[in-house]
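S.K.: When you get a sec, could you give me coordinates for this:
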Amino acid sequence: MRRFLPSFAVLLTAAVAASCAPAAQHTYIAPSYNTIVSTTEEHEADPPSHILYVENHSTVPVRVFAFSLTDCENINVSCGVHQTNLQVRAGQRDIVVRVAPKNRSLGWHYRFGFSWHEDSSGTNALNALAQAGDSTARVRLAAMQHADSLRRAETGPHYNELSRTDFTVLGPRIVAMRAYPDSLVIAPGERASIERIRLLLLDNQGTVLGQTRWVSWRIGSGAVQFEPPMSLIARRPGRTTITFRLAPEAQQSLSTAINEVEYSVIAAYPTDPHAPVFTGRAVDADAKKPLACAAVVLEDSAQNVVARERTGTMGTFVLAAPRPGTYRVRVEAPGWAPVYGPTELAKADEENQHEYAVRFSEQMLTFRDTRIVDENVHARPTSLVTAPIDAAGRSGRKKGAEQSLVSTVTLGGSEALPILGIVGRAPAGTSWMQFVVDSTGRVDPATITMPSDTSSRRLTSVTSMLPRVHFAPARDAGKPVCELLRMQVNFTAR
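M.R.: Now for the predicted structure:
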């Protein structure tokens with residue numbers, strides 16, 4: 001957020017004075033509801049009158065662009081909104097309007113309000129002086145920026161909240177909307193109010209005219225969820241996008257269609273340079289082969305997911321803990337109970353390295369809760385190629401071995417628990433098959449695994465038929481990724 005200093009003429013005088021003034025003169029006071037106020041001087045003359053001022057107790061010039069008089073009775077100024085263009089310099093006050101009774105013999109009454117925004121002329125002048133080599137201007141800019149950064153960290157920007165009347169007055173000038181701060185970061189397990197996000201309205205020069213809550217919004221899928229009335233809750237490390245749009249009634253009062261704002265809320269732990277690291281290798285407990293593209297996560301002692309990754313082609317992974325503490329590694333396959341590593345106390349700068357022998361033994365009945373939106377989507381079968389294919393995944397003529405073993409292939413079950421049906425010469429029964437679906441949705445034939453006691457006919461049937469199934473690839477934060485899957489297969493003897 002930009003903060004502004006007094007106009008060019010004042011700065012020339014201030015720059016000379018600052019060279020011998022104490023550092024306290026560089027104190028930066030932000031314009032806010034507490035520092036930009038109105039006062040009234042009452043004059044008991046004949047007729048009596050009120051002089052209405054706007055006082056600027058900040059160190060930033062502001063510009064009053066409108067004032068309003070409401071609940072008017074017997075006054076000499078028309079009731080309603082009045083546009084103005086009044087600059088009130090830092091530490092100064094200026095007259096906005098004089099109000100007196102129309103008929104001095106009758107009582108009179110009114111209410112006063114005003115709208116303002118920061119004035120950019122001071123910053124432009126100060127930047128010009130600093131770029132020209134003025135060391136005092138540089139010192140003042142540095143002091144201002146330092147104070148502004150501290151103020152942002154504590155309370156956020158202090159922009160004027162625009163009323164419906166302000167929208168009517170500023171309608172021809174408002175051309176864009178942006179959010180402050182640029183993004184919101186909260187740690188997994190914590191919550192924040194959506195009101196921490198400020199929606200700012202700007203003119204064609206980029207000047208902030210004020211802020212507004214007169215918006216509608218929708219929250220996308222991701223690691224952060226919304227809990228009414230105002231809470232954002234970080235469920236795990238990741239990112240969620242909130243789209244803000246000016247409310248239709250507000251948009252109708254403007255001359256220009258205002259852009260939507262896509263805002264990122266990031267769930268992440270603060271960086272600890274001495275945080276421990278968990279490295280390892282996941283292998284199939286029976287086949288002793290590395291498990292590629294398996295989802296691995298790191299859990300803390302409260303079972304919160306603090307880091308996640310997918311294993312490489314050799315089954316290796318690296319998971320960084322957010323801080324020293326107690327953790328365990330979890331290896332997953334969709335629809336099957338996860339496999340856990342040992343619970344370990346990890347100290348600062350420590351690397352915990354293990355080989356994890358993985359055996360998925362319990363299939364889980366899963367369902368999708370439509371109330372929960374997840375940014376991680378599992379791979380799922382979408383179609384079955386009817387023409388035979390070779391080992392490279394190309395369609396071709398039937399081979400003798402394939403034709404003699406398999407007569408029919410079907411795809412059934414549900415999205416969560418799909419089932420491949422094979423009718424042929426393999427022994428009847430039900431089994432499972434484990435394989436990797438790559439980021440294009442194709443099965444990697446080299447990764448197909450079945451139980452160690454599987455007959456050669458069953459294994460040959462699966463390795464020849466499974467590549468016919470095309471999958472929608474898994475997605476992580478919208479990006480296609482590979483995934484290790486387990487899937488049921490039913491054999492029917494012909």
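S.K.: In a strand, residue 185, correct?
M.R.: Yes: Residue 185: assigned to a strand according to DSSP: H, G, I helix; E, B strand; the rest coil.
S.K.: Please name the residues that touch it.
M.R.: The neighbours of residue 185, taking Cβ atoms under 8 Å, 6 or more residues apart in numbering as the test, are 265-268. C-beta here means a position set from N, CA and C on the backbone, and glycine is covered the same way.
S.K.: and stretch 170-178, how far from the chain's centre?
M.R.: On the basis of Cα atoms, centre = their mean, to the nearest Å, stretch 170-178 sits 24 Å off its chain's mean C-alpha point.
S.K.: quick revisit: now the buried members of the contacts of residue 185.
M.R.: Using 16 or more other Cβ atoms under 10 Å as the burial test, those include 265-267 as buried.
S.K.: Which of these fall within strands?
M.R.: Of the positions in the buried ones among the contacts of residue 185, 265-267 sit in strands, assigned by DSSP state E.
S.K.: Take these and lay them out in TSV including pLDDT.
M.R.: Shown next, in TSV, are these (pLDDT from 0 to 100):
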residue	pLDDT
265	93
266	90
267	90
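S.K.: buried stuff in the helix or strand containing residue 356?
M.R.: If you go by DSSP states H and E, residue 356 is part of strand 351-358. For strand 351-358, the neighbour count (16+ other Cβ under 10 Å) marks 352, 356-358 as buried.
S.K.: Averaged pLDDT, the helix or strand containing residue 210. What do you get?
M.R.: Using DSSP H and E, residue 210 falls within strand 208-212. Taken as a whole, strand 208-212 has a mean pLDDT of 85.
S.K.: how far does the strand or helix carrying residue 330 sit from the chain's center?
M.R.: Using DSSP H and E, residue 330 falls within strand 325-333. Centroid separation between strand 325-333 and its chain, computed with Cα atoms, centre = their mean, is 26 Å.
S.K.: I'd like to know how many residues surround the closest residue to residue 160 other than its chain neighbours.
M.R.: Using Cβ to Cβ, 6 or more residues apart in numbering and skipping residues adjacent in sequence, the residue nearest residue 160 is residue 210, 4.4 Å away. When neighbours are counted by other Cβ atoms under 10 Å, residue 210 registers 22.
S.K.: Let me see the contact set for residue 210.
M.R.: The neighbours of residue 210, taking Cβ under 8 Å, 6+ apart as the test, are 115, 117, 159-162, 166, 170, 200-201.
S.K.: Which of the residues you listed fall within helices?
M.R.: Members of those lying in helices (criterion: DSSP state H): 166, 170.
S.K.: ok, so of the contacts of residue 210, who is nearest residue 327?
M.R.: Relative to residue 327, the closest of the contacts of residue 210 is residue 200; by Cβ to Cβ it sits at 40.8 Å.
S.K.: Surely the closest one touches residue 181?
M.R.: No: with contact defined as Cβ atoms under 8 Å, residue 200 does not reach residue 181; the gap is 10.8 Å.
S.K.: So for those two, which residue has more residues nearby?
M.R.: Shown here are residue 200 and residue 181; by other Cβ under 10 Å, residue 200 has more neighbours (20 against 15).
S.K.: Identify, from the contacts of residue 210, the entry nearest to residue 66.
M.R.: residue 115 (4.5 Å).
S.K.: shaky segments in the protein?
M.R.: Residues of the chain that meet the criterion pLDDT under 70 lie in 1-28, 120-129, 137, 139-159, 365-375, 386-403.
S.K.: sec struct for residue 130, please.
M.R.: Classified using three-state DSSP, residue 130 is helix.
S.K.: Could I get the buried residue list for stretch 72-83?
M.R.: Across stretch 72-83, burial judged by 16+ other Cβ under 10 Å covers 75, 77, 81.
S.K.: May I have the helix or strand where residue 459 lies as CSV, with CA atoms only?
M.R.: Assessed by DSSP H and E, residue 459 sits inside helix 456-465. Extracted C-alpha coordinates of helix 456-465, given in CSV (Å, rounded to 0.1, in the frame of the first residue of the first chain):
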residue,chain,number,x,y,z
SER,A,456,0.3,-67.3,-14.6
ARG,A,457,-3.0,-67.2,-16.5
ARG,A,458,-4.5,-64.5,-14.3
LEU,A,459,-1.3,-62.5,-14.4
THR,A,460,-1.1,-62.8,-18.2
SER,A,461,-4.8,-61.8,-18.6
VAL,A,462,-4.3,-58.7,-16.4
THR,A,463,-1.1,-57.5,-18.0
SER,A,464,-2.6,-57.9,-21.5
MET,A,465,-6.0,-56.3,-20.7
